[in-house]
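Undergrad: With the sequence up front, the predicted model follows.
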Amino acid sequence: MLPTRGALHSTSGFTVLDMSNLNSMSYEEFGRLRFLDFFPRTPAYEEDDIGGIDYGTGYACKAGYTSTLFARPERRNETSVILLEFGDDCPAPECHALLASLGLNLRKGMSYEQVLAMLGAPERDRRQFVRFVVGDKWPYYVGCSLDDRGGLFRVWIARKDLVDKNEQSL
């Protein structure tokens, strides 16, 4: 069972937020989440307002680093996807703090068994990619990419309604 409230205290000291965890977070609240509220602005930070890449919810614009980012539908200013790439450019302390504030105590390198023990039965299970549904009133997909040697290396969080709509249109 995920806790009902979470607080993010950035290890870099740039932001402190109090927000609902993913289990009870409304789509409106998720939409207000911004990359720079959780991660530092570094030379790798970029914003794409043109879009054209599909992160699972249809063509989207992004803010973030190359592989760790927050995406939003084109022509809308609300976050619909969070992608955290442990193996590339995601600073682990900030990433772990964000996940903890969302009630997802996932950590880089967790095994397949550890991820399942934490999140329960997956909705989709391909061993190296498992997808879970988190939340009832406002459900989200939480996708975890794993490899046998290094464990968990990517976490993808997306609004279920937008993913389902996008998958139906393919």
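TA: Perfect, thanks for sending it. What you see is a predicted model; the values in this text were computed from it and never measured.

Undergrad: Now do the strands in the protein.
TA: Assigned by DSSP state E, the chain shows strands spanning 5-9, 16-20, 46-54, 59-64, 69-73, 81-85, 124-125, 129-134, 140-147, 151-159.

Undergrad: Reformat these as CSV; add distance to Lys165.
TA: Just so you know, the C-beta spots here come from the backbone N, C-alpha and C atoms, and that holds for glycine as well. As requested, those are arranged in CSV below (distance: least, Cβ to Cβ, whole Å):
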stretch, distance to Lys165
strand 5-9, 28
strand 16-20, 23
strand 46-54, 12
strand 59-64, 13
strand 69-73, 11
strand 81-85, 13
strand 124-125, 17
strand 129-134, 15
strand 140-147, 12
strand 151-159, 9
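
Undergrad: residue contacts, the residue nearest to Ser111 when sequence neighbours are not counted?
TA: Using Cβ to Cβ, 6 or more residues apart in numbering and skipping the chain neighbours, the partner closest in space to Ser111 is Gly151 (5.2 Å). By Cβ atoms under 8 Å, 6 or more residues apart in numbering, the contact list for Gly151 reads Lys108, Gly109, Met110, Ser111, Tyr112, Gln114.

Undergrad: For this protein, give me the ranges with low pLDDT.
TA: Along the chain, segments meeting pLDDT under 70 span 1-18.

Undergrad: ok so, going back, out of the contacts of Gly151, which is most surrounded?
TA: Met110 (20 neighbours; other Cβ atoms under 10 Å).

Undergrad: thinking again about what came up before, return the member of the contacts of Gly151 nearest to Glu78.
TA: Nearest to Glu78, judged by Cβ to Cβ, of the contacts of Gly151 is Lys108 at 27.7 Å.

Undergrad: Not counting its neighbours along the chain, what's nearest the closest one?
TA: Using Cβ to Cβ, 6+ apart, the closest residue to Lys108 is Phe86 (4.0 Å).

Undergrad: How many residues are close by that neighbour?
TA: 24.

Undergrad: Isn't it up against Glu94?
TA: No. When contacts are counted by Cβ atoms under 8 Å, Phe86 is not listed as touching Glu94 (11.6 Å).

Undergrad: sorry, back to before: now the contacts of Gly151 in a markdown table, please, with extra columns for distance to Leu162.
TA: Output for the contacts of Gly151, formatted as a markdown table (distance: Cβ to Cβ, whole Å):
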| residue | distance to Leu162 |
| --- | --- |
| Lys108 | 26 |
| Gly109 | 29 |
| Met110 | 26 |
| Ser111 | 30 |
| Tyr112 | 27 |
| Gln114 | 28 |
